[in-house]
Structure formats: structure tokens, C-alpha cells
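Colleague: Pasting a predicted model and its sequence here:
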Amino acid sequence: MSKVKVAVAGVGNCASALIQGVHYYKNAKEDELIPGLMHVNFGGYHIRDIEFVAAFDVNRNKIGKDLSEAIFAKPNSCVKFADVPKMGVKVLPGPVLDGVAPHMKEPFKVYDEDETEAANVSEILKETGADMLVNYLPVGSYRATRRYAEEALDAGCAFVNCIPEFIASDGEWGKRFEERNIPVAGDDIKSQLGATIMHRNLVRLCVERGVIVDETYQLNLGGNTDFLNMTVEKRLRTKRTSKTEAVTSMVPYSVPTRIGPSDYVPFLGDKKICYVYIRGRKFGNQPVTITAKLEVEDSPNSAGVVIDVVRAVKIALDRGVGGPLISISSYAFKHPPVQVSDDEARRWVEEFIEGKRLR
């Protein structure tokens, strides 16, 4: 099989976990059970077939460095779980736009746009032969995300949108990718075992067992730059929408809900702590309350999912399939074009791998 050539927009903690993960599992046996992956061999592609060919960031401490070094540069705080050798890929300056909130200019060490010219993203994607561009920009990057999506379209490159800016799930954007016969997957990556997947399944359990859900909330705490970025409420609109719809889509009636990042706690680093509360009524109109706490290293929690996503996108490219990829998007993202239960979405992906499902 050919390589899965990946470009990355945003060399933060999630990119660090993804790149480390590819090297950590590069020698995995095909019959080995890898936590967080559907398959070691995903439709003919092994984990080691993923090759990173380009990277873009705005942090002057990362620009110009080999990608293997940049993933560990401050303010990244992702745990180091793999030794990544030199990759021969230099991090290039990406467009800033609204990719950095004003209060994040200093933590992100943003380069001076008067002194440094942003790279021509579409040309780099063409030159490196990138199959896809993975968007790892900070939450709230409305204009910057659309700029990268445009660059991907210009380059004839697939787009994987890991953040809660709606591209794959937006009808107009989906149509544009379909007209160009270019795959797009998204939006807002769903972690292996994160707050959303846990909350979804607890709510679904209640509904399937006949419990009437009266109200629910999800509170999240973290100490990485993602949480610092999200201390500005106006950057959270689509994040709250994405996380809320992922949960409420499991309930066939309206439920008072409050979901989203709640506070930034610096000393937590890349650790994320989630609290879920569900109050409902069971037989005899008797009350039932569920409270749960989840504690995880945040960034590695989604890396395995993205490894599966990029291989699914590569399969679509091989088959000449463009537009929103419904199966992998429904399985791997919080705000896909089509919301279904997680087990049904997984069946769709298996059918896609086998060629029984177009997208």
C-alpha cells in the first residue's frame, strides 16, 4: 500500500500525541489489540503507513524546527510517551487570522506578521503530495479554519476537521468538497473515552431502560492551552453546540442541558477532569440520579481515533470518493453530518472498510 501522507495545521498537544502515537505503535502486529484503535490494519493501511509531510503553526518557538522537536516545545504539555526521531519536516508559519485569541498571543508566542510571511499552504500541500490536512487549530478559529479548508480545496487535498468549527457538517462546505470529489471528515474529534462519549452512553442507557431524563450537565476542567483559550466565552459557541448536540441527540425529547468547558486550572497541565450529572425518573415516577467523574490525559485520548480517521480518508481517496465521509465522521466526531448511536456508527465504518458502504 502507498503511504498516508498527512499535513497538520496546529502543532499543539493533540498533534504531539498523534505523531508520538504513530511512532509508538509502528511495529505493532496486525493481530495485536491496540487501545484506542479499531484495527492495526485498517483497510490495508498499517499505523506505520502514516507519514507526516508538512506542518503549520504560529508559535515562533516551533516555526523552523523539525516537527519531532516542535511537538515538545512550550507551551505543549502532552506527556512524552515515545521517542520521535528526526522527521525532516520543518514547521512553517501558518496564517494567524483568528486562530489565536488576544489573551493567547503571549502563551502561543505568535510570530510577528510584519517580519515573517505566512507560508503558501496550498502550494506546500501540493509540493509535499499531502493526501490530507488535519486541522488542530484552537477552538474558536472560525476564519482560520475556513482559510485552511479553502487551501485544502485549492490543493485538491482532503480535509480532516478535528475542532468545533463546522465544515464537514455544513451543507455548503460539504457540497463544495463533493463537487471537487475531495473527501472531508469532521467535525470536532470525539475522544477514545472522553467526556462526550461517556455522557452520550450514560444518557442513552437511561433512555433505553425507560428512564425519563429531566436534566443533565457536564463540567470540564483542564490546564492545557486548550482550556486557557476557552476561558473566553465567545470562542465557545460552536464547542458548546457540538458537545451538547452529541449528547442530546441520544434523547428523543427536549432536555434542559448545560455542557462545555468550565474552568482553566493551570496545574492540571494536560490532565482533564470531567463531571457528569443526570437526573431522571424511573418506574412509579421515582427519582434516579447519576453522577460520574472521569480523569484522563487529554491529548492522547483522541490520537488513536485520528489515526483511524486519516486511514479512512485515505481509503476514500483511493476509491475516488469525495464529499463528507458519513461513516467515519459519525463514529469519530461529535458534530458529524449525521448523528447516530456509537455502535451503529462503528458498524458503518466496518462496512465502509469492506466496501459495502460508499462513504
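Modeller: Sure thing, it's come through. Numbering: from 1, shown residues only.
Colleague: what about the closest residue to Val207 other than its chain neighbours, neighbour count?
Modeller: Nearest in space to Val207, with sequence neighbours left out and distances taken as CB to CB, 6 or more residues apart in numbering, is Val251 at 5.8 Å. For the C-beta atoms, the positions are set from N, CA and C on the backbone; glycine is no exception. A count of neighbours around Val251, defined by other CB atoms under 10 Å, yields 16.
Colleague: In terms of helix, strand or coil, where does Val251 fall?
Modeller: What DSSP: H, G, I helix; E, B strand; the rest coil gives for Val251 is coil.
Colleague: pretty sure it contacts Val203?
Modeller: Yes. In this structure Val251 lies within contact range of Val203 using CB atoms under 8 Å: 6.1 Å.
Colleague: Mutual contacts of these two, please.
Modeller: Shared between the contact lists of Val251 and Val203 (criterion: CB atoms under 8 Å, 6 or more residues apart in numbering) are residues Val213.
Colleague: Go through stretch 279-297 and flag the buried ones.
Modeller: Buried residues in stretch 279-297, defined by neighbour count with 16 or more other CB atoms under 10 Å: 279-280, 288, 290, 294, 296-297.
Colleague: now stretch 215-226
Modeller: For stretch 215-226, a neighbour-count test (16+ other CB under 10 Å) marks 216-226 as buried.
Colleague: Nearest to Pro164 among those?
Modeller: Nearest to Pro164, judged by CB to CB, of those is Asp226 at 11.3 Å.
Colleague: need the strands for the stretch 151-300 of the chain, in chain order.
Modeller: Secondary structure of the stretch 151-300 of the chain (DSSP state E, counting those that start in this stretch): strands at 158-161, 183-185, 212-222, 257-264, 271-282, 286-297.
Colleague: Tell me how many other residues crowd Lys74.
Modeller: Using other CB under 10 Å, Lys74 is surrounded by 11 other residues.
Colleague: Quick check: it vs Arg60, distance?
Modeller: Counting by CB to CB, to the nearest Å, the gap between Lys74 and Arg60 amounts to 11 Å.
Colleague: hang on, the earlier thing: of the buried residues of stretch 279-297, which is the nearest to His103?
Modeller: Nearest member of the buried residues of stretch 279-297 to His103, counting by CB to CB, is Glu297, at 24.8 Å.
Colleague: I'd guessed that closest one sits against Ile273; true?
Modeller: No. In this structure, Glu297 sits apart from Ile273 without contact. The criterion is CB under 8 Å, and the distance is 11.1 Å.
Colleague: what's the closest non-adjacent residue to Met250?
Modeller: Arg204 (4.4 Å).
Colleague: my guess is that neighbour meets Thr248, correct?
Modeller: No. At 11.1 Å, Arg204 and Thr248 do not qualify as touching, with contact defined as CB under 8 Å.
Colleague: Put together CSV for the buried residues of stretch 215-226, with distance to Leu325 and pLDDT on each row.
Modeller: Supplementary listing: the buried residues of stretch 215-226 in CSV, determined by distance: CB to CB, whole Å; pLDDT from 0 to 100:
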residue, distance to Leu325, pLDDT
Thr216, 30, 98
Tyr217, 32, 98
Gln218, 27, 97
Leu219, 32, 97
Asn220, 27, 96
Leu221, 33, 97
Gly222, 29, 97
Gly223, 33, 96
Asn224, 28, 96
Thr225, 29, 94
Asp226, 25, 94
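Colleague: State the pair within the residues you listed that is farthest apart.
Modeller: Set against one another by CB to CB, the buried residues of stretch 215-226 have their most distant pair in Thr216 and Thr225, with a gap of 28.2 Å.
Colleague: least trustworthy helix or strand in this structure by mean pLDDT?
Modeller: Taking all helices and strands of the chain together, the one with the lowest average confidence (mean pLDDT, DSSP states H and E) is strand 257-264, at a mean of 92.
Colleague: which other helices and strands contact that strand?
Modeller: strand 212-222, helix 225-229, helix 237-248 (3 or more CB pairs under 8 Å, 6 or more residues apart in numbering; DSSP states H and E).
Colleague: Using CSV, list the CA coordinates for that strand.
Modeller: In CSV, the C-alpha atoms belonging to strand 257-264 read as follows (Å, rounded to 0.1, in the frame of the first residue of the first chain):
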residue,chain,number,x,y,z
THR,A,257,-28.8,20.7,29.4
ARG,A,258,-25.6,22.5,30.2
ILE,A,259,-22.4,21.2,28.6
GLY,A,260,-19.0,22.6,28.0
PRO,A,261,-15.6,23.6,29.3
SER,A,262,-16.0,25.1,32.8
ASP,A,263,-12.6,26.3,34.1
TYR,A,264,-8.9,26.5,33.5
